[in-house]
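Novice: Okay, predicted coordinates and the sequence, questions at the end:
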Amino acid sequence: MLISASRLIGFPILSLHVGGPVAKVEFEVINPDNLKIVAFKVWGAANKNDSELGTILETRDVREFSNIGMIVDSTESFVNPGDVIKLDKIMKLQFSLVGLSVVTKKGSKLGKLIDYTVDTSDFSVRQLIVKRPVLKRLMDPELVIPRKEIVEINDYQIIVKDEEEKIKKVATKEEFVPNFVNPFREPDFSVQRAERTKNDES
């Protein structure tokens, strides 16, 4: 299942043990080395004594992802910042994809990243949603760039392959051509008469 990262903000976290929501997503923590969400910073989490729980949920502790929320076993899935050394190092990077400039290897500016899609099966980044520069926005307001087109990421830019035309083609939605007969359409009697005449002549 693909979901836009912007939809994850405020997304409910449900506990099987509690039988309902226990927290909401505040923001995602991305590992820049593999472009995967490794954890979520959460808010609103409290235990029975109304004291704050740990405010980090690692994605490996997400039991199931559904339209109503992310499901975990219990509130024990939450950890405090600093409890997991590897995760703490990634959080200190404060890496964020949104806002980075997107350019090709030849230096052509494609635009600025405004969102991205995430595969909820492994929480990996699958597509980049890029807002075009003002002069190019009339023709292509947004580009959807697949993960495989990414060459390099640094603190300021995402560098993609020099195949801008290919990227545009991927981003364009295919025209839907229905292949069924509309049962509510008025019958075309002229066609029926022509077919009847043809059958009579034969």
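Specialist: That came through fine. For clarity, every value in this text was computed on a predicted model and none was experimentally measured.

Novice: so where's the protein uncertain?
Specialist: Applying pLDDT under 70 to the chain flags residues 45-54, 134-140, 163-202.

Novice: Which residue ranges make up each domain of it?
Specialist: Using automatic domain parsing, the domain parsing of the chain gives 2-93, 101-171.

Novice: Tabulate those (CSV), appending mean neighbour count.
Specialist: Where you see a C-beta, it was placed from the backbone N, CA and C, and this is true even at glycine. CSV is the format used below for the domains of the chain (neighbours: other C-beta atoms under 10 Å):
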stretch, mean neighbour count
domain 2-93, 15
domain 101-171, 16
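
Novice: Just list the residues touching the nearest residue to Ser77 once chain neighbours are set aside, thanks.
Specialist: If the residues on either side of it in the chain are set aside, Ser77 comes closest to Asp61, at 4.1 Å by C-beta to C-beta, 6 or more residues apart in numbering. Counting by C-beta atoms under 8 Å, 6 or more residues apart in numbering, Asp61 touches Val72, Asp73, Ser77.

Novice: right, and the first one touches Gly20 too?
Specialist: No. Using C-beta atoms under 8 Å as the test, Val72 is too far from Gly20 to be in contact (11.9 Å).

Novice: what do those two both touch?
Specialist: In contact with both Val72 and Gly20: Leu14, using C-beta under 8 Å, 6+ apart.

Novice: Ile129: which of the contacts of Asp61 is nearest?
Specialist: Among the contacts of Asp61, Val72 lies closest to Ile129 (C-beta to C-beta), at 28.0 Å.

Novice: measure that closest one to Pro12 for me?
Specialist: 11 Å (C-beta to C-beta, to the nearest Å).

Novice: Kindly report the same for Arg132.
Specialist: 33 Å.

Novice: repeat for Asp83
Specialist: Here Asp83 is placed at a distance of 23 Å from Pro12 (C-beta to C-beta).

Novice: what does Val79 give?
Specialist: 19 Å.

Novice: Dead centre of this protein: give me the residue that sits there.
Specialist: Thr117 (1.7 Å; C-alpha atoms, centre = their mean).

Novice: Tell me which stretches of the protein form helices.
Specialist: Using DSSP state H, the helices of the chain run over 5-8, 85-93, 164-171, 189-201.

Novice: Can you give the distance of the shortest one from its chain's centre?
Specialist: Just to be clear, that refers to helix 5-8. Taking C-alpha atoms, centre = their mean, to the nearest Å, one finds the center of helix 5-8 at 7 Å from the center of the full chain.
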